[in-house]
Structures are given as structure tokens and as C-alpha cells.
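Participant: Structure, please.
(one chain, ligands or ions: 1)
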Amino acid sequence: MVEILREKNLYHLRNDHISYVIGIMPDQQTAHIYLGRRLNRINADPVLRHHGSGDTKNFTVQNCGLDRLPQEYPAFGLGDQREGALSVENADGTVAVDLRFESAEITEGKPSLQGLPATFGDNCRTLRIACADPLTNVRVELLYTVFEDCDVIARSARIINNGASRIRLNKAMSVSMDLPDDKWDLITLNGAWARERTAYRRPLMPGIQGVSTQCGASGLQQSPFIALARPRTDEQAGETIGMALVYSGNFAAQASVYQYHAPRVMLGINGADFSWLLEPGEAFQTPEAVIVYTNQGLGDMSRQFHSLWEKHLLPQRWVHRHRPVLLNSWEAAYFAFDEEKLLGIAKSAAEAGVELFVMDDGWFGRRDDDTTSLGDWTVDRKKLPSGLAHLADGVRALGLQFGIWMEPEMISPDSDLYRQHPDWAIHIAGRTPITGRNQLVLDLSREDVQQFMYQAVADTLKESGASYLKWDMNRNFSNIGSAALPAERQKELPHRYILGLYAVMDRLVRDFPDVLFEGCASGGGRFDPGMLYYVPQFWCSDNTDALCRCQIQYGTSYFLPASTMGSHLSAVPNHQTGRVTPIETRFAVALGGCFGYELDPRALTEAEREAMKTQVRYAIRTETTRLGGRFYRLLSPFEGNATAWIAVSKDKHSAVFTYVRAEALANEPSALVKLQGLDPDLRYQAEETGEIFGGDELMYSGLLCAVRQGDASSLLLTLKAVD
Ligand code: GLA
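Facilitator: As a prediction, this is how the structure comes out:
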């Protein structure tokens with residue numbers, strides 16, 4: 001899987017499908033030689049992979065030659081005029097760093113990254129390339145892991161100060177690659193609250209393009225993911241490079257096209273307003289970035305990501321475990337409830353077969369609205385006079401599991417916690433606190449605050465016996481300062497915050513292994529691979545409108561699997577859009593993730609409550625196929641009036657197909673949808689209609705999708721292989 005060609009100065013990582021090649025230049029700089037389909041052999045002279053023309057003898061560091069060389073981990077200041085991946089401020093205030101190759105080492109498996117989530121596994125091999133600056137002794141270790149069972153290279157960098165003086169890192173990306181040509185489209189996922197992850201695609205242009213955030217989380221407006229796709233690449237064919245960062249804080253992902261039409265692609269912690277002091281002997285570990293390569297289109301790129309996370313990142317005890325069908329109280333009751341009301345909702349849910357009842361926001365302190373009490377995690381006796389355990393027992397007596405909502409990272413200015421510890425909030429002394437949703441963010445760079453947060457969550461879990469915790473986070477950072485950090489380290493706060501968060505989550509998931517944690521951040525505002533190392537699922541969006549959800553879930557599927565998307569059927573008119581959609585469509589769309597309800601079942605009609613029983617049984621029966629199968633996007637809601645996708649079980653014996661037509665048209669043209677992922681040699685029966693089709697027929701000829709009149713009509717088909 002890793003081959004060293006010493007006489008050529010080449011390092012070749014490969015599996016059955018892909019190759020990644022690194023070269024060492026004559027003056028010991030590391031060069032990016034190749035990423036693409038598997039090569040049996042590589043013979044290239046690294047120096048001949050330069051960009052632009054000219055005499056290669058001149059392409060030396062001393063002659064500003066680095067500007068023409070495809071590099072692996074470039075630093076600004078050595079003649080390369082492009083933006084560097086690493087910026088080090090030396091003891092003398094200068095920013096140059098000259099990284100020369102020192103050694104390379106191959107190990108079986110994959111080392112963990114200190115304090116950070118990262119992929120893991122045995123069926124992989126890791127190459128560690130060490131480079132150092134001979135003048136300052138700054139050392140950089142580049143880690144590359146190639147997986148046997150996924151077409152992925154994982155990369156990260158560790159920067160070590162082996163010098164005698166303190167240095168400051170101003171930028172340390174996780175990955176950088178200089179690709180040979182710019183005939184690519186760039187795909188990013190952008191959005192907003194309730195409109196997360198719309199896929200945008202445009203050709204690469206000269207200059208810098210990409211996504212980045214400084215909001216403290218990966219955020220609602222962008223995801224730590226980019227893809228490059230050849231202009232003709234579609235879902236089923238074409239070269240694609242997908243990249244994602246296993247990180248939940250400020251990040252930048254960009255592709256910059258320079259003078260020789262050679263893009264430099266970088267991904268890592270956002271260097272804007274970031275810095276990190278390294279004392280002699282100290283090291284800084286970047287988060288991990290993963291690179292998927294495929295020549296089989298965007299669909300395969302997504303399935304490679306899905307399978308990587310499932311096998312090598314997500315909490316393994318949860319990946320294939322049943323996710324209980326839940327009912328969450330938020331849209332059913334908001335802040336207005338008491339024990340009787342909650343038990344009434346829970347009873348009705350239990351009658352429909354729901355398995356887990358989740359009490360959302362509003363149960364603690366004096367939390368009758370969002371202006372107060374975050375941080376005071378003691379039950380509100382006005383609403384729940386007999387306490388948390390009493391309510392939880394009451395829910396369990398109905399045959400349901402009990403789940404609870406918390407927003408542990410936050411503090412309301414109107415809280416006992418804030419009155420006791422105003423310094424625990426992120427703030428800048430002398431400046432008026434800037435609230436968001438009336439709240440401040442706890443300073444998780446502090447160990448005392450981490451300990452408080454751990455204890456608050458642990459005590460709540462113990463007191464209630466909850467088997468599920470919805471972990472929310474509802475605001476962006478502002479006035480970014482810590483009372484516990486010296487002036488020279490204030491720019492470390494956003495990353496220290498994320499490290500603090502990861503440390504607490506790590507402890508909690510270890511101490512409560514049977515609790516199902518669901519992440520949430522105003523919906524999908526921190527729905528990223530970093531969080532998914534700890535929580536197996538995330539509330540995909542606060543928008544539960546079925547048509548909006550088609551887009552949000554479709555966009556999310558570019559890099560995250562259905563098994564990670566919390567997805568609930570809610571009431572109509574929808575609370576976010578006011579739209580009325582048929583219950584069948586709300587059901588079909590919510591089945592695209594971890595299924596649940598976000599409504600008060602007592603407000604449904606008798607017929608709808610009956611339908612709920614069938615829905616719950618269906619959701620449970622098809623779970624392995626829907627969440628454990630392979631996912632194929634068939635029709636894009638970003639390109640037309642209809643959306644379609646199919647989840648096919650790994651053995652191809654069953655599938656769940658979903659088609660949603662948004663706006664009704666008079667005299668509508670027929671919709672023939674070509675399915676994917678089935679076995680062409682098998683015959684499939686549609687459970688709903690009894691019809692039998694060949695797998696080849698469904699894939700090559702297509703399925704005619706006739707839906708009822710009216711907006712937001714849908715078709716849900718369950719396919720089973722028959723003899
Ligand atoms: C956020 C979440 C919602 C809900 C509310 C409660 O907006 O995304 O699902 O939990 O907080 O305040």
C-alpha cells in the first residue's frame with residue numbers, strides 16, 4: 001500500500017483503485033506528484049512535474065523556483081508567490097520557513113491525533129514524512145494514511161518547535177495539494193439557518209475561491225467540504241476529488257488558481273485571526289483532512305465518504321445499532337409544557353408505537369422563553385413539580401425510552417451561573433457583552449468550565465436515566481476573548497474552545513456508552529465529521545418542511561450519510577414555511593434519515609394517528625436498508641421540480657426509493673426515473689403495488705413515477721428481490 005522508490009525519491013501510496021504520489025526535489029522540498037486512478041508504477045522525475053516552462057535547472061529554492069513546483073506543504077517566503085499552507089513567525093519576527101525533507105517512515109494502521117477526532121482502522125497504512133528548517137529547527141511531520149477499503153487518503157500535519165526560542169504559528173493547514181490543471185468545477189455546500197447545505201457548482205477561475213468561517217463552529221453557512229469535479233462529471237461518471245475536514249471549528253477550504261493554471265487546494269483551520277504560540281519542545285497538531293478520489297462521479301464520491309465515516313470515524317457501537325423512532329417535544333410544545341402535557345404527548349406517541357420520547361428545551365431554571373437560565377441545569381419545579389426522575393419514570397412506564405435536550409456550551413446572562421461566574425463566558429473585558437439568542441458562550445478553553453460542563457451533563461443523565469441526549473449549540477462567537485488566557489494567546493481561543501469541547505465529549509461518550517447522543521446547532525450548524533466522531537447523528541436542520549428538507553438532505557448527502565441525519569415528520573402548516581404538504585410526503589422525506597416525529601400526536605386526526613402506527617412499523621422494518629445501505633442521488637432538487645433518491649441494501653436485495661414532485665403542473669409530462677445501485681440480474685417486487693420489475697429494467701429503462709395531483713406529491717416504493 002505504500003511503496004518507496006528511493007532512487008526516484010518518490011513515495012507512492014495506493015490501494016486497488018487510487019494512487020497518491022509524493023516526490024522529494026533536489027533541494028529536499030516535498031512535491032505533489034500525483035493523485036488519481038491507481039498506477040502500477042511511477043517513473044516520473046519529480047522536478048519534471050513543474051508548472052510553466054523554462055529550464056528546470058533554474059527551479060531551485062535559490063532561484064525562486066518554488067513558484068513553479070507543485071508542493072505538498074508549502075510555506076510562504078521562499079520565493080513561492082502563492083498562498084502558503086504554513087506560516088511561522090520566528091523568534092526574530094520574520095515569517096520564512098524552509099522545510100527540507102529529513103526522513104520517512106511507514107507504519108501499519110493509523111496513529112490517533114492528540115486531542116482531536118480522526119479516522120481510525122487497521123486495514124490502512126501510514127506514511128510519516130518529516131521535514132525541518134535547518135536554520136530554526138522547526139520540524140513538520142506530514143501524515144498520510146491510505147485505506148484498503150475506501151478510496152481515501154487522510155492527511156494531517158504536526159508542527160514541532162525543536163528550536164531554542166518560542167515561535168508563533170499564524171497558519172497551519174491540514175492539507176495542501178498543487179494540481180496540474182484547472183479544468184475543474186468547484187462544488188461547495190452553502191446555506192443559512194433553515195436552509196443548510198445547498199450544493200453550488202461553478203468552474204474554477206483564476207484567483208482564490210472557496211468557503212471559510214470564523215463563527216466558532218463549522219457553521220450554518222458553509223460545511224468543511226469541497227469537491228473538484230471535471231466539467232462533464234455527473235452522478236455516475238467522471239473524475240472527482242472530494243475533501244473534508246474532520247473538525248468542528250473555524251475552517252477554510254479553498255482552491256486558488258495561479259499563473260500557470262495550476263490550482264492549489266487547501267483545507268484546514270482558518271488562518272484568519274488565528275495564531276498559536278509554540279514554546280521550545282512543544283508541538284501543534286492540525287486536524288485531519290480526508291481526500292476522496294474517484295473517476296465514477298459525484299455519487300461514488302459521496303458513497304466513499306459515507307463508507308469512510310461508517311467504517312473509520314463514527315462511534316462504532318452505534319453505526320449499525322437500531323436508532324429508536326422518537327418523538328421530540330420542540331414543535332409539539334416549545335417552552336409551554338408541564339408534566340401532564342408531556343406525559344399526554346408521550347402516551348399518544350407510545351400508542352402509535354414510537355420508541356423514545358425526547359423532552360426538548362424549557363425544562364430547567366426558569367426557562368419559559370429563550371431569555372434565561374442556560375447554565376442552571378436544575379429542573380424547573382413549576383413545570384415539573386415532582387422532578388426530572390419522576391417525569392422520566394412516567395415516560396418509561398408508558399413503554400418509551402426517555403431523552404432530554406441540553407445546550408451545555410451556553411450561559412444566559414440571566415442565570416445563577418452567570419451571576420456566580422461572569423468570567424466563564426467568552427467576553428472582552430470593558431466591552432458590552434454581545435448576546436446571540438440572548439445568550440453567551442461558555443469559555444471552553446478553561447478546564448474549570450470544561451469540568452462544570454461535564455458534570456452538568458453527567459448529573460442530568462444520571463438523574464433522569466436518559467438514554468438519549470440532544471446536545472444543542474445555538475450561537476456564533478463574538479467579542480472573542482478569554483479571561484484565562486494571556487494577551488499573546490487570545491487568538492488561540494477558538495481552537496482551544498474546540499479542543500475543550502472534544503475533551504468533554506470524549507469523556508461523556510466513554511462514561512455513558514449506552515446513551516445515544518444527537519448533535520444539533522440551530523439545526524445543522526455544526527454537522528461535520530469532527531462532531532460525528534462523538535455523536536452518531538445530528539439534527540439536520542430546524543426546517544422540517546418536506547420540500548425544503550429534500551434540498552437540505554440532498555445537499556448534506558454529498559459528504560454525510562443518511563444514518564447521521566436526524567429527520568422528523570412535523571405538523572402542517574409547517575412551522576418554518578407555513579406550507580401544507582401531504583402526510584405521505586412528509587413521511588417519505590423524513591425516512592431519508594434517522595426517523596422521528598416533531599409534533600403533538602393528539603392534534604392529529606384519528607386517521608392520521610392510525611397512519612402513524614403503520615409509519616413507525618415501516619420505518620423500523622426498513623431501517624437497515626435506508627440507513628445501512630448505499631445511497632444514490634437520482635434527481636436533484638437544485639436542478640428541477642422533482643427530487644429522487646434510492647437507498648439499496650448492501651446485498652442489493654432490498655431498496656427504498658423516494659420520489660417527490662414539488663409543484664403540481666397541469667397536463668404534466670411523465671417522469672421516467674432511472675434507478676441505480678440495484679442488481680441488473682435480480683427481479684424486484686414493489687411492496688406497495690405488487691408489480692415486479694427487472695433490476696436492469698429499473699436502472700436502464702427507468703421507472704415511471706406517477707404521483708397524485710397537488711403540490712408536494714410523492715412516491716415511496718419498497719423493492720424486494722424475488723426469485
Ligand atoms: C435549536 C434547535 C431546535 C430546538 C431549539 C430549542 O433551535 O435547533 O431543534 O431544540 O433550539 O431552543
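Participant: Quick one: neighbours of Arg579, just the number.
Facilitator: Look at Arg579: counted by other CB atoms under 10 Å, it has 14 neighbours. Where you see a C-beta, it was placed from the backbone N, CA and C, and this is true even at glycine.
Participant: swap in Gly702?
Facilitator: Gly702 has 14 neighbours, counted by other CB under 10 Å.
Participant: The one 4 residues further on now?
Facilitator: Per other CB under 10 Å, the neighbour tally for Ala706 reads 12.
Participant: That one touches Ser670, doesn't it?
Facilitator: Yes: between Ala706 and Ser670 a contact is recorded at 7.3 Å, counting by CB atoms under 8 Å.
Participant: So which residue is smack in the middle of the protein?
Facilitator: Central residue of the chain (CA atoms, centre = their mean): Asp528, 2.0 Å from the mean position.
Participant: so what pLDDT did that residue get?
Facilitator: Asp528 carries a pLDDT value of 98.
Participant: Wait, it touches Leu245, no?
Facilitator: Yes: between Asp528 and Leu245 there is a contact under CB under 8 Å: 7.4 Å.
Participant: Any regions of this protein where pLDDT drops low?
Facilitator: Applying pLDDT under 70 to the chain flags residues 46-48.
Participant: Around the ligand, which positions in it sit nearby?
Facilitator: Residues of the chain lying close to the ligand (CB under 6 Å from any ligand atom) are Trp330, Asp360, Asp361, Trp405, Asp472, Asn474, Cys520, Ser522, Gly523, Trp539, Asp542.
Participant: Looking at those residues, which is nearest the ligand?
Facilitator: Taking CB to the nearest ligand atom as the measure, the ligand lies nearest Asp361 of those, at 3.4 Å.
Participant: roughly how far apart are the closest one and Trp330?
Facilitator: Per CB to CB, to the nearest Å, Asp361 is found 7 Å from Trp330.
Participant: For the two, list the residues in contact with both.
Facilitator: Common neighbours of Asp361 and Trp330, using CB atoms under 8 Å, 6 or more residues apart in numbering, are Trp405.
Participant: ok, and the closest non-adjacent residue to Gly219?
Facilitator: In this structure, Gly219 finds its nearest non-sequential neighbour in Thr213, 4.4 Å apart by CB to CB, 6 or more residues apart in numbering.
Participant: after the lengthiest strand in the chain, next one along is what?
Facilitator: Among the segments of the chain that qualify as a strand by DSSP state E, the longest is strand 167-178. Per DSSP states H and E, the first helix or strand lying C-terminal to strand 167-178 is strand 185-190.
Participant: Counting by contacts, list what that following strand packs against.
Facilitator: If you count contacts as 3 or more CB pairs under 8 Å, 6 or more residues apart in numbering; DSSP states H and E, strand 185-190 packs onto strand 198-203, strand 207-212, strand 222-229.
Participant: Report the strands that pair with it, each with its relative direction.
Facilitator: strand 198-203 (antiparallel), strand 222-229 (antiparallel) (DSSP bridges).
Participant: Just say which of these is most tucked in.
Facilitator: Highest mean neighbour count of these: strand 222-229, a mean of 26 (counted as mean count of other CB atoms under 10 Å).
Participant: The closest residue to Cys150 other than its chain neighbours: neighbour count?
Facilitator: Spatial nearest neighbour of Cys150, chain neighbours left out: Leu308 (4.5 Å); criterion: CB to CB, 6+ apart. Counted with other CB under 10 Å, residues neighbouring Leu308 total 25.
Participant: Is it correct that Leu308 falls within a strand?
Facilitator: No: using DSSP: H, G, I helix; E, B strand; the rest coil, the assignment for Leu308 is helix, not a strand.
Participant: correct me, but it touches Phe147?
Facilitator: Yes: contact criterion CB under 8 Å: Leu308 and Phe147 qualify, at 7.1 Å.
Participant: shared neighbours of the two, anything?
Facilitator: Counting by CB under 8 Å, 6+ apart, the residues touching both Leu308 and Phe147 are Thr119.
Participant: related to what we said a few turns ago, who's in contact with the residue nearest to the centre of the chain?
Facilitator: Contacts for Asp528 (CB under 8 Å, 6+ apart) come out as Ser218, Ser223, Pro224, Ala244, Leu245, Val246, Tyr247, Ser248.
Participant: With adjacent residues omitted, what lies nearest to the last one?
Facilitator: The shortest distance from Ser248 to any residue other than its chain neighbours is 3.8 Å, reached at Gly530 (CB to CB, 6+ apart).
Participant: okay, now the one you found: neighbour count?
Facilitator: 28.
Participant: same question, Ser557
Facilitator: 26.
Participant: for the one 10 residues further on, same thing?
Facilitator: Other residues near Ser567 come to 23 when the count uses other CB under 10 Å.
Participant: Identify the bridge partners of it.
Facilitator: Phe595.
Participant: Likewise for Leu143?
Facilitator: Arg128, Ser156.
Participant: picking that back up, can you lay out the strands paired with strand 185-190 as JSON lines showing distance to Gln676?
Facilitator: Converted to JSON lines, the strands paired with strand 185-190 look like this (distance: least, CB to CB, whole Å):
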{"stretch": "strand 198-203", "distance to Gln676": "18"}
{"stretch": "strand 222-229", "distance to Gln676": "18"}
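Participant: between Asp528 and Leu245, what contacts are shared?
Facilitator: Common neighbours of Asp528 and Leu245, counting by CB under 8 Å, 6+ apart, are Pro224.
Participant: thinking again about what came up before, tell me which of the contacts of Asp528 fall in helices.
Facilitator: Among the contacts of Asp528, no member is found in helices (DSSP state H).
Participant: Just send the residues you listed back as a markdown table, with distance to Phe101 too.
Facilitator: Shown next, in a markdown table, are the contacts of Asp528 (distance: CB to CB, whole Å):
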| residue | distance to Phe101 |
| --- | --- |
| Ser218 | 33 |
| Ser223 | 34 |
| Pro224 | 29 |
| Ala244 | 28 |
| Leu245 | 25 |
| Val246 | 26 |
| Tyr247 | 27 |
| Ser248 | 32 |
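Participant: Of those residues, which belong to strands?
Facilitator: Per DSSP E, the contacts of Asp528 map to strands at Ser223, Pro224, Ala244, Leu245, Val246.
Participant: one step back: which ones among the residues of the chain next to the ligand map onto strands?
Facilitator: Checking these against DSSP E, those in strands are Trp405, Trp539.
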